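Asker: Just the structure for this:
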Amino acid sequence: MDIATLMTVHQVLVAGGVRKAAALLERPVSSVSAALGRFQAAVATPMFATSGSRNLLTLEGRRLEASLSRAAELSLEIACLGCEPPGSTSTEDARPLRSPSPPPSVVPSLVRATHLSISLATLQRFLMIARAGSIRRAAMEIGMGQPQLTRQMRRLETELGVEVMKRGQAGVVLTEAGRSLLALAEDLDQVWNRLNEGSDDRFHRLGATTRLGAVSPLGSGSRVARIIAALVAAWPRRRARAPLFVTSASADELLAGLNAGLYDLVLVDCDQIPDGLTAQPVWQSRLALVGPVGSLVGKARADIPEILMAHRIAAPSSRTGLRQKITQLLTEELPRQLRDRMSVTEIDMIPVIANLVVDHGYLTVMPVSALAGLEGEMDAITLPDHYDIRLTLVRRSSPVADAAMAVALDILRELPFEPDGKSPDQSAKKLSKTGSGAAATSRDSVPVAARSSSSASTSDDKGRSER
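Answerer: Now for the predicted structure:
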């Protein structure tokens, strides 16, 4: 870890994203992103979660925020020792670390500071020299050669642009700048210990854990919820030494997290999988255009354009696979001039979307299988099969991810679903009779991963609500 990384990561925080921080610091986006990755690896916890173009603090990130801010402030003061008279670092130099919009006069100091290559290990060795009073004695304590340690201190002085110690036969004497560096380095060492506290334990736990990211379930009875619960329940019998940790996010965030190494596997509901990733479909379901009771009476698929124009639409954000299907429906059913006139309410909370439909007259698109039990509250028109939504397990190939994928697929192939006497399509047909009158599909939703299993397993899957 080095002081440039600490300042760079803090700028990602205050600027609200990697690209904005890169522009401010005059550094390539890839360099800033790499600094963020190094920091998260060092503290063994994800500080940030990606949301569109922004990096939002995780709960653990919020806990460490104050320490990171202080570490960045101290790092900038160290970097500026050669810019101002020793011990008189201006308050302006510290300001950009607390404001997302630093004054133009402050930016050059920050830009220069984040190009220095002063590691925390070098500062810790400087502390040992200052305490020992001799490079030779410090080298013996550290277990490295005296010439090597001397060269490291000279590089430190070159980077800072100021002499920090006078060398003599009796040992070393700190200069005024050296005494300032001593105080700052001691403070930074304590702050870094707070940031790094528990990282060894977190690293051990993360290294022994299989990390699964999944799209948010539609509800406790949804297919996503049931798949995740089955994986969690069966996992200890298959991989007792690598327990399963599950977290949820949007499809875009999950795929970005997979590329960033935050997950071993992700379960997403989108069709477009980036190059370099390996995908395996595990479930497929029909979609339906859904409205409140009575809104689709006497309507059929040919009436969809008229229906769309007559209602407000509630939809999740474009980061989700379901929203991609809704966009596809609007594009195929309506010309551009009509789409521009539509009212679409975007919200990433599926239960709220369902309430907007039931209580406030909105339309949305949902998996047919998720409609079981809602016959008295919603009308539905089943969409053609090219709108089908799929749940897909995705991994970036590695020994750990490959093994985790194999275990997950084995569990899903054996997944027991007890019939409840009502298939998803029967639910859609009942909705059609009580509401829209539209014909429902005769093809049941079936688990892709189970199609190679016994026919009994496939037939048992009917009748359960799923995403």
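
Asker: From Asp275, how far off is the closest residue to Glu346 other than its chain neighbours?
Answerer: Nearest residue to Glu346, sequence neighbours excluded (CB to CB, 6 or more residues apart in numbering): Ser317, at 5.4 Å. From N, CA and C alone the C-beta is placed, and that goes for glycine too. Distance, Ser317 to Asp275, by CB to CB, to the nearest Å: 24 Å.

Asker: who's more crowded, those two?
Answerer: Legend: neighbour count by other CB atoms under 10 Å for Ser317 and Asp275, higher for Ser317 (15 against 4).

Asker: Would you mind measuring from the more buried one to Gly61?
Answerer: Separation of Ser317 from Gly61 (CB to CB) stands at 22 Å.

Asker: can you check Val14 too?
Answerer: Distance of Val14 to Gly61, given as CB to CB: 13 Å.

Asker: Let me see the contact set for Ala21.
Answerer: Thr8, Gln11, Val12, Ala15, Val32 (CB atoms under 8 Å, 6 or more residues apart in numbering).

Asker: So the fourth one sits against Val9, correct?
Answerer: No: contact between Ala15 and Val9 fails when scored by CB atoms under 8 Å: they sit 10.9 Å apart.

Asker: more neighbours, those two?
Answerer: Neighbour totals were compared for Ala15 and Val9, and Val9 leads with 26 against 22 (other CB under 10 Å).

Asker: just the strands in the stretch 101-250 of the chain please.
Answerer: In the stretch 101-250 of the chain, the strands defined using DSSP state E, counting those that start in this stretch lie at 165-168, 171-174, 210-214, 244-248.

Asker: Check which helices and strands the first one is in contact with.
Answerer: With contacts defined as 3 or more CB pairs under 8 Å, 6 or more residues apart in numbering; DSSP states H and E, strand 165-168 has these neighbours: strand 171-174.

Asker: Low-confidence regions, the stretch 1-150 of the chain specifically.
Answerer: For the stretch 1-150 of the chain, the stretches flagged by pLDDT under 70 are 49-55, 84-108.

Asker: residue boundaries of the helices in it?
Answerer: Listed in chain order, the helices of the stretch 1-150 of the chain (DSSP state H, counting those that start in this stretch) span 3-15, 18-25, 29-43, 59-79, 91-94, 107-113, 120-132, 135-142, 146-160.

Asker: wouldn't Gln328 be in contact with Pro384 here?
Answerer: No: between Gln328 and Pro384 there is no contact under CB under 8 Å: 10.9 Å.

Asker: Looking at these two, which has the bigger crowd around it?
Answerer: Gln328 (16 against 12).

Asker: Which residue is the nearest non-sequential neighbour of that one?
Answerer: Nearest non-adjacent residue to Gln328 (CB to CB, 6+ apart): Tyr387, at 6.8 Å.

Asker: follow-up on the earlier one: so can I have JSON lines of the contacts of Ala21 showing distance to Ala310?
Answerer: What follows is the contacts of Ala21, written out as JSON lines (distance: CB to CB, whole Å):
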{"residue": "Thr8", "distance to Ala310": "52"}
{"residue": "Gln11", "distance to Ala310": "49"}
{"residue": "Val12", "distance to Ala310": "45"}
{"residue": "Ala15", "distance to Ala310": "44"}
{"residue": "Val32", "distance to Ala310": "48"}
